[in-house]
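Asker: Provided below for reference: sequence and predicted model.
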Amino acid sequence: MTNINKTILQSLGSGLAGACALTALHETARQFISDAPRADILGMRAIKKVMEVADEEPPADDELHDWALGGDIVSNALYYSLIGLAKPKDALVTGAALGLAAGVGAVGLPGPMGLGTAPSSRTTATAAMTIGWYLLGGLVTAGAYTWLKRK
């Protein structure tokens, strides 16, 4: 395997680890914490919006929820895989920066995108958890990237 292919796989694998950690945290916390962020709802709204523009009927909520979780994992994995642009020694800082940027975006962008603000920033605690959890996803990504680069 060439070095570039190995780096791409390491980057994608690291991004997937961070995305899975983030989604697992979102899905677990929403069942126990009333102010927990609801990335699933944002995803469902985004899918509905795109399908309506395409003049298609969105699936029932249970299936739509599954689509949203899958979309979250894929999109966050691709985003977090940008860690591969960093040198391994800078992985922690890069992962933290990616996570913080994603968290701030998750708080600030849904409103202007027409997806509503409540799922990610209905309370100060919700906004703080949103940013913190995306930061955690970035840190998991950094840890996975550092570990994979040592292999």
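Answerer: Everything's here; your move.

Asker: Phi and psi next, for Pro37.
Answerer: Dihedral pair for Pro37: phi -60, psi 150, per degrees, to the nearest 10.

Asker: How many residues are close by Ala39?
Answerer: 26 (other Cβ atoms under 10 Å). (Glycine included, C-beta is placed from N, CA and C.)

Asker: What separation do you get for it and Thr2?
Answerer: For Ala39, the distance to Thr2 equals 36 Å [Cβ to Cβ, to the nearest Å].

Asker: With Thr141 instead?
Answerer: Distance, Thr141 to Thr2, by Cβ to Cβ: 23 Å.

Asker: got a list of contacts for stretch 13-21?
Answerer: 72-84, 95, 99, 136-145, 148 (Cβ atoms under 8 Å, 6 or more residues apart in numbering).

Asker: picking that back up, between Thr141 and Thr2, point out the one with more neighbours.
Answerer: Set side by side, Thr141 and Thr2 show more neighbours around Thr141, with 34 against 7, by other Cβ under 10 Å.

Asker: now that one: how far from Trp133?
Answerer: Separation of Thr141 from Trp133 (Cβ to Cβ) stands at 13 Å.

Asker: Equivalent analysis for Ala97, please.
Answerer: Distance of Ala97 to Trp133, given as Cβ to Cβ: 16 Å.

Asker: How about Asp72?
Answerer: 12 Å.

Asker: overlap in contacts of the two?
Answerer: Common contact partners of Asp72 and Trp133 (Cβ under 8 Å, 6+ apart): Leu22, His26.

Asker: list the helices and strands the helix or strand where Ile131 lies packs on?
Answerer: With elements taken from DSSP states H and E, the one containing Ile131 is helix 124-150. Other helices and strands packing on helix 124-150, by 3 or more Cβ pairs under 8 Å, 6 or more residues apart in numbering; DSSP states H and E, are helix 3-29, helix 61-80, helix 91-108, helix 118-121.

Asker: swap the cut-off to 10 Å and go again
Answerer: When contacts are defined as 3 or more Cβ pairs under 10 Å, 6 or more residues apart in numbering; DSSP states H and E, helix 124-150 packs onto helix 3-29, helix 39-53, helix 61-80, helix 91-108, helix 118-121.

Asker: now those helices as TSV including mean pLDDT and distance to Ala127?
Answerer: Listed next are the helices and strands packed on helix 124-150 as TSV, based on pLDDT from 0 to 100; distance: least, Cβ to Cβ, whole Å:
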stretch	mean pLDDT	distance to Ala127
helix 3-29	96	14
helix 39-53	96	13
helix 61-80	97	18
helix 91-108	98	5
helix 118-121	96	4
